[in-house]
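Visitor: Task: produce atomic coordinates for the following.
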Amino acid sequence: MTTTRTRSDRRRLAVAAVIGHLVVIAGAALLREPTLWFAVGLMGPGLCLCVGTAAVLRKAVGRPGSGAGDLDERELLWRDRAHYSAFQGICLLMAVDLAYGLYAAGQPDSGSLLAAMTAALLVFGTSLPALWLAWRLPDDDPDDFTDFEGVTPA
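Guide: Here you go, the predicted model:
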């Protein structure tokens, strides 16, 4: 099993997760009758990519949503910064959702269009703390993973 302790590994996963989210958002934007099956075909793999990489990222960045009891001061500071930045990102995503809702209001079946876009943006918003941490956290110190005999894990 490989571990993602370097910043470049976490950034590659973050880029893959963002690509997956953008594919899901594009599928939600195309979710209407002439392009319905194309949109569903986009959303399936995109959802697998963004959820899969987000799960790996949450493990790699150290549980950004965990309680304060098992985190030290540095980890609490990083978590709070990530959540504040993610809150700002979610506000931006909701502004995008509002603009899309105004566009979709003139379309037939506007409720389902808006619901699909809101769901896609909500899934993206929930992964923002892990994405922020994956991009900003420094590399782990290899000495932290050395056991008592001086052997580092592979």
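Visitor: Give me the contacts around the helix or strand where residue 134 lies.
Guide: According to DSSP states H and E, residue 134 maps onto helix 128-136. Applying C-beta atoms under 8 Å, 6 or more residues apart in numbering, the contact partners of helix 128-136 are 10-11, 13-14, 17-18, 54, 57-58, 60-62, 64-65, 78-79, 81-83, 85-86, 89-90. C-betas here are computed from N, CA, C, even on glycine.
Visitor: Please repeat the previous calculation with a cut-off of 6 Å.
Guide: Contacts with helix 128-136, where a contact means C-beta atoms under 6 Å, 6 or more residues apart in numbering, come from 10, 14, 57-58, 61, 64, 82-83, 85-86, 89.
Visitor: which of the residues you listed lies closest to residue 28?
Guide: Relative to residue 28, the closest of the contacts of helix 128-136 is residue 89; by C-beta to C-beta it sits at 17.6 Å.
Visitor: Spit out the contact partners of that closest one.
Guide: residue 128.
Visitor: Mind listing what's buried along the helix or strand hosting it?
Guide: Using DSSP H and E, residue 89 maps to helix 73-104. Residues 75, 78-79, 82-83, 85-86, 89-90, 93, 97, 100-101, 104 are the ones in helix 73-104 that count as buried (16 or more other C-beta atoms under 10 Å).
Visitor: Summarise which helices and strands the helix or strand just after that helix is packed against.
Guide: For helix 73-104, the succeeding helix or strand toward the C-terminus, using DSSP H and E, is helix 110-126. Using 3 or more C-beta pairs under 6 Å, 6 or more residues apart in numbering; DSSP states H and E as the contact test, the elements touching helix 110-126 are helix 7-29, helix 73-104.
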